[in-house]
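**Q** mind folding the following:
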Amino acid sequence: MKQSIHAKRMARTNKRHKATSKLNLVSLMDIFTILVFFLLVNSSDVEVLQSNKDIQLPESFAEQQPKTNLIVSVSHESILVGGRKVADIALINNSNDAEIKGLKEELEYLAARKPYRTDEEAQKGRDVTIMGDKGIPYDLLKKVMTTCAKSEYRNISLAVSQVPTDASVDSLQAEEG
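**A** Coordinates of the predicted model:
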C-alpha cells in the first residue's frame, strides 16, 4: 500500500522525535570545574595543626596564621616530636636538668638530616611550633623552649586556639541585624 506524502512526513517527524535525548555533560563539567576552583581558593585560609586529644590549647586573639614546620606537642603525660614520643613528663619533673635529653637528641637528629642552605638561615635558626596544653606548668614549657633553642631551633612559635575578637563579633552581629 502506497503512503501519501502527508503520511510519510508524519512518519519521519515521529521517528525524529522518538529518539532518546542525550545528557549534555559540558555544562555539568563546567559547574564542577568552577566548584573545584572555588574550594581550592577558599581552603587555603584555614590551617589545621595535627590534633591530640590530650592537649587543650590556650585561647588567643592572635591573627597571624601559623607556618608549617616541626611540631613539638607537650601534654600532661609526654612530649611528642612530629607525632613520635621522645620523653615522659614524670621523668622530666623528677630531673633538675635545664634541658630535656630525649627532646634534644630528636631535635639534633632532625637538624642533622636537614642542613642549612644559607648563612642567614643559620643565624636565624630553625622553625618549631610548640603545642602545649594550657594546663602544663611554666617550668616545663621553659625547659622545652630552652632545649629547642640549644638544639638550633630558635624561631619558636606557640600554638593557640584562635577565638574571635570583640570587633569581629560586633561586625558579625551588625551584619545579621
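
**Q** select the longest helix from this protein.
**A** helix 25-43 (DSSP state H).

**Q** list the contacts of the residue lying closest to D127 once chain neighbours are set aside.
**A** Distances taken as Cβ to Cβ, 6 or more residues apart in numbering place N69 nearest to D127, at 3.8 Å, with adjacent residues excluded. Every C-beta, even on glycine, is put in place using the N, C-alpha and C of the backbone. Contacts for N69 (Cβ atoms under 8 Å, 6 or more residues apart in numbering) come out as R126, D127, V128, T129, S157.

**Q** go again using 7 Å as the cut-off
**A** D127, V128, T129 (Cβ atoms under 7 Å, 6 or more residues apart in numbering).

**Q** which one among these gets closest to I100?
**A** V128 (13.4 Å; Cβ to Cβ).

**Q** which helix or strand contains L103?
**A** Take DSSP states H and E as the rule and L103 turns out to sit in helix 101-113.

**Q** I'd like the next helix or strand past that helix.
**A** Next along from helix 101-113, by DSSP H and E: helix 119-124.

**Q** sheet-wise, list the partners of the helix or strand following that following helix with their directions.
**A** Per DSSP H and E, the first helix or strand lying C-terminal to helix 119-124 is strand 127-132. Strand pairing for strand 127-132, using DSSP bridges, gives strand 70-74 (parallel), strand 155-158 (parallel).

**Q** many thanks, I have nothing further to ask.
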